[in-house]
Structures are given as C-alpha cells and as structure tokens.
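*Asks:* Sequence first, then the predicted structure, then my questions.
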Amino acid sequence: MVCKTDRIDLMSNLFGSKAKTLENLSKLISTAQIVPGISFTVDAWRQDSANCLNKVIAKLGSNPLIVRSSCANEDTENSSNAGAFVSVLGVMPDQLEKAIEQVVSSYDEGNPKDEILI
C-alpha cells in the first residue's frame, strides 16, 4: 500500500517543469515514446543564446521544431495554467531565436530558472 507521504515523494521526484517531467518519464515508460527534446533556462539563454541555439541544432537537426514554455508556475499540483504561455509550432532553425524570445516574453515574472523546451 502506498501512503500519502510516499505519494508526495513520488510526485515531487517525478514531476517538475514540463521539460523535467518528460525527461523523467522517458526513463520509465516502455509502451509509449517521448520524442527527443532539449531544454535550457531563461538564464542560460540570456547569458549565451548562441550556445543554446548550437545545442538545439546539434541535437535536433534542421527539421521543423516546436518551441514550448516550461516554467515553474505553469502547472502545479493545485493549479493549471494551460494555454497561458506561448508555444510556437513549425519553427525552422533560422527562426529559433525569435520563437524562443516569444516564449520567454510570455512568462509573467521572467524567473531566470524558468525553461524553454524544444
């Protein structure tokens, strides 16, 4: 039997930002597939956007991409902010910088630890 504190520990270790949750789930599931992705913090983007862009292209190539939000206040155990933040679909590598800026601009407080998921 799973007690409430075990459930809370499991939830806090498995679920985090959208990017972290997908990363954790990809290690556990065997009957579904999570497509490859990459994430980085707003702070990392602000400090070295060229490095972030290079890592995205090196890992994901030149196919159309989706740039998504992955911020701390997006979804929590007690609330959902579905649709509150921007996602940009069909982004080509030469459009990545603009798409990332659109996503970051949709974050209310601009927490440097918030993430961008691609």
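*Replies:* Structure's in. What do you need?

*Asks:* So Cys52 sits against Trp45, correct?
*Replies:* Yes: judged on CB atoms under 8 Å, Cys52 makes contact with Trp45 at a distance of 5.3 Å. Every C-beta, even on glycine, is put in place using the N, C-alpha and C of the backbone.

*Asks:* what's the overlap in contacts for the two?
*Replies:* Ile100 (CB atoms under 8 Å, 6 or more residues apart in numbering).

*Asks:* which stretches of the chain form strands?
*Replies:* 39-41, 65-70, 88-91, 115-117 (DSSP state E).

*Asks:* for the second one, packing partners?
*Replies:* For strand 65-70, the packing partners by 3 or more CB pairs under 8 Å, 6 or more residues apart in numbering; DSSP states H and E come out as helix 18-26, strand 88-91, helix 96-105, strand 115-117.

*Asks:* Mean pLDDT lowest where, among the ones you listed?
*Replies:* For those, mean pLDDT drops lowest on helix 18-26, to a mean of 67.

*Asks:* just checking, Glu115 touches Gly37?
*Replies:* No: Glu115 is beyond contact range of Gly37, at 10.8 Å (criterion: CB under 8 Å).

*Asks:* The two: which has the busier surroundings?
*Replies:* Neighbour comparison, Glu115 and Gly37: the larger count goes to Glu115, with 27 against 19 (by other CB atoms under 10 Å).

*Asks:* Distance-wise, check the closest residue in space to that one that isn't next to it in sequence relative to Lys113.
*Replies:* Residue nearest to Glu115 in three dimensions, not counting chain neighbours: Ser70, with 4.0 Å by CB to CB, 6 or more residues apart in numbering. Relative to Lys113, Ser70 is positioned 11 Å away (CB to CB, to the nearest Å).
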